[in-house]
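Undergrad: Based on what follows, work out the 3D shape:
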Amino acid sequence: MNREDSSTPTPTGDAGSAGASDWSPGRPEDGARSPGGSSSDELSWEQVETYTALTPIQQAIIKRIDSVLQTDRDSVVITNACARSSPIVYVTRAWEQMCGYSLCEAAGKNPRLTQGENTSKDTCRGMSLALSERRACKVRLVNYRGVERIPFWNCISMSPITCRGNLLLHIAHLQDYTYRLDRLVTITPLQFCKAGEQFQQTLQLGPRSRGLSRPCQIVWDEGGEQEGGDFASGPSMPKVKKLSFTSLELEPEFLMDRLRDECEQLEIPFQFTEMMSGGAECMRLEINALQTSIGVHAIMHVVPEEAEGVFRVVFTRLRGDVFRFHALYQTFRQRLQDLGVEQPAQAAGGLPRAKLPRAAPTADRFVEITGADGSTSSSGASSSGSMPLAPMPLAPMPLAPMPRAAMDEDDPAPAAS
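TA: Okay, the predicted model is just below:
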């Protein structure tokens, strides 16, 4: 269930959803000061009034979550779902740095304080609707940092937290994707909200909880003594032996954006599809260039690995010369070496500024498809599908080893010349 054109839901009025719809677009909150705050702002989250006003169960949940986070690295914000306007009650130091507000500046305000001129209203309405329905969701949108209003690309995993069927809190895990998305040359990144069934798995919040960085249904036992901490049932993707880039700790939507961008730059015709496979997202990009100098019909899949939040890009040859297929793989391997490199740390005052879309993002590049089994997917086609192809070099330069990537050979490798 992908939400891009949803209307803003009407609050139901019950305590469990009073603030669920208040992530919708609106005027950014007033009264914020410059990032970092002053010495009077140096309070711990347990001393902030919005936290002390919470119920004992809500406080216990936040304490448990704080104990499993790396607060200097994990950018996390928690809001009170029982209060109108869903005010912020907890943020990590990483969130303060990313969003440009101190805890004292953000506490009591709605998370929309980071929205601005180029934030997609449709995406925000989709997010609001998902939360009002108590659905976890994955979101990508343009946000703005601090009072300087510096735009950045934000990838968000949002999850409801319930206890005995009552909605108590919302938690959001944020990632700054500005550095990654600004590398795209021909593709304009889309803002989107996804709330499909693949994000509705249950996570029992226990002493060793993992998986808080992905959207899920978080359940808390009032006693808080359970030993759980993993998803009740996670998708398992079959292992395949193909040419591949492995161990990529990146969002699959970004990986597909990069593959499409490289195809556009190389003027390779392609079609791409998003689908469900074994309860997990699977993204497929098909290249049919048999009648060109490339001489290959191949498929690239972006699929999850066993480790949480780790993906691989798998190359499969359908038809065409094996030497040309390996040359195609080597070309992509050379152009995508940066995928295995960690995003460089940003020095204070040197945070990146997002290149904003030239026009409001739309969803016309995606078409919803219903499969024979009732599953839905989204697909789109490159505008270069009817363009003449420039000759593609089939003898790429020797490559240095690619960090965090591996090649498992399905086809025999071409003999060295």
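Undergrad: okay but residue 202 is in contact with residue 217, surely?
TA: Yes: Residue 202 is within contact range of residue 217, at 4.9 Å (criterion: Cβ atoms under 8 Å). All C-beta atoms are positioned from the backbone trio N, CA, C, and that covers glycine.
Undergrad: Which residue of those two possesses the greater neighbour count?
TA: Neighbour totals were compared for residue 202 and residue 217, and residue 217 leads with 19 against 13 (other Cβ atoms under 10 Å).
Undergrad: ok, residue 341 - how many residues close by?
TA: By the measure other Cβ under 10 Å, the count of residues near residue 341 is 10.
Undergrad: Mind jotting down where the helices sit in the chain?
TA: Secondary structure of the chain (DSSP state H): helices at 49-52, 56-68, 93-99, 103-106, 121-132, 178-181, 252-266, 322-335.
Undergrad: same for the third one, what does it pack against?
TA: The elements that helix 93-99 packs onto, with contact taken as 3 or more Cβ pairs under 8 Å, 6 or more residues apart in numbering; DSSP states H and E, are strand 75-80, helix 103-106, strand 137-145, strand 166-176.
Undergrad: how about the ones you listed, which one is nearest residue 118?
TA: Residue 118 sits nearest to strand 137-145 of all the helices and strands packed on helix 93-99, at 4.7 Å, using Cβ to Cβ.
Undergrad: beta partners for the residue lying closest to residue 116 once chain neighbours are set aside?
TA: Computed as Cβ to Cβ, 6 or more residues apart in numbering, the closest residue to residue 116 that is not its neighbour in sequence is residue 144, at 3.9 Å. Counting by DSSP bridges, residue 144 forms beta bridges with residue 151.
Undergrad: any idea how far residue 304 lies from residue 89?
TA: The gap separating residue 304 from residue 89 is 32 Å, by Cβ to Cβ, to the nearest Å.
Undergrad: Next: residue 309.
TA: With the distance defined as Cβ to Cβ, residue 309 ends up 26 Å from residue 89.
Undergrad: same deal with residue 109?
TA: If you measure residue 109 against residue 89 using Cβ to Cβ, the figure is 11 Å.
Undergrad: ditto for residue 342
TA: Taken as Cβ to Cβ, the span from residue 342 to residue 89 is 31 Å.
Undergrad: ok, residue 100 touching residue 152?
TA: No: applying Cβ under 8 Å as the test, residue 100 and residue 152 come out as separate, 9.4 Å apart.
Undergrad: Name the residues contacting each of the two.
TA: Residues touching both residue 100 and residue 152 (Cβ atoms under 8 Å, 6 or more residues apart in numbering): residue 145.
Undergrad: Buried residues in stretch 319-339, which are they?
TA: 320, 323-333, 336-337, 339 (16 or more other Cβ atoms under 10 Å).
Undergrad: Residue 174: which of the residues you listed is nearest?
TA: residue 339 (20.7 Å).
Undergrad: isn't that closest one right up against residue 247?
TA: No: look at residue 339 against residue 247 with Cβ under 8 Å: they stay out of range, at 10.1 Å.
Undergrad: and stretch 76-86, how far apart are its ends?
TA: With Cα to Cα, to the nearest Å as the measure, the ends of stretch 76-86 fall 15 Å from one another.
Undergrad: Look at residue 304 and residue 89 and report which has more neighbours.
TA: Higher neighbour count among residue 304 and residue 89: residue 89, with 26 against 21, using other Cβ under 10 Å.
Undergrad: nearest residue to that one other than its sequence neighbours?
TA: Counting by Cβ to Cβ, 6+ apart, residue 89 lies nearest to residue 50, which is 4.5 Å off, once chain neighbours are set aside.
Undergrad: how about the one you found, what does it touch?
TA: Going by Cβ under 8 Å, 6+ apart, residue 50 touches 80, 87-89, 107-108.
Undergrad: ditto for residue 200
TA: Contacts for residue 200 (Cβ under 8 Å, 6+ apart) come out as 135-136, 216-217.
Undergrad: ok, which pair from those is furthest apart?
TA: Farthest-apart pair in the contacts of residue 200 is 135 and 216; separation 10.6 Å (Cβ to Cβ).
Undergrad: can you list residues touching both of these two?
TA: Shared contacts of residue 135 and residue 216, defined by Cβ under 8 Å, 6+ apart, are found at 199-200.
Undergrad: are any of the contacts of residue 50 buried, and which?
TA: Buried by 16+ other Cβ under 10 Å: 80, 87-89, 107-108, out of these.
Undergrad: gap between the two ends of stretch 112-126?
TA: Stretch 112-126 stretches 14 Å from its first residue to its last (Cα to Cα).
Undergrad: Would you mark the buried spots in it?
TA: 112-116, 118-120, 122-126.
Undergrad: Please tabulate those residues in a markdown table, including the columns pLDDT.
TA: Shown next, in a markdown table, are the buried residues of stretch 112-126 (pLDDT from 0 to 100):
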| residue | pLDDT |
| --- | --- |
| 112 | 93 |
| 113 | 94 |
| 114 | 96 |
| 115 | 96 |
| 116 | 95 |
| 118 | 95 |
| 119 | 97 |
| 120 | 97 |
| 122 | 96 |
| 123 | 97 |
| 124 | 96 |
| 125 | 95 |
| 126 | 96 |
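Undergrad: In JSON lines, list those along with distance to residue 59.
TA: Listed next are the buried residues of stretch 112-126 as JSON lines, based on distance: Cβ to Cβ, whole Å:
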{"residue": "112", "distance to residue 59": "24"}
{"residue": "113", "distance to residue 59": "23"}
{"residue": "114", "distance to residue 59": "25"}
{"residue": "115", "distance to residue 59": "28"}
{"residue": "116", "distance to residue 59": "32"}
{"residue": "118", "distance to residue 59": "36"}
{"residue": "119", "distance to residue 59": "31"}
{"residue": "120", "distance to residue 59": "34"}
{"residue": "122", "distance to residue 59": "35"}
{"residue": "123", "distance to residue 59": "32"}
{"residue": "124", "distance to residue 59": "29"}
{"residue": "125", "distance to residue 59": "31"}
{"residue": "126", "distance to residue 59": "31"}
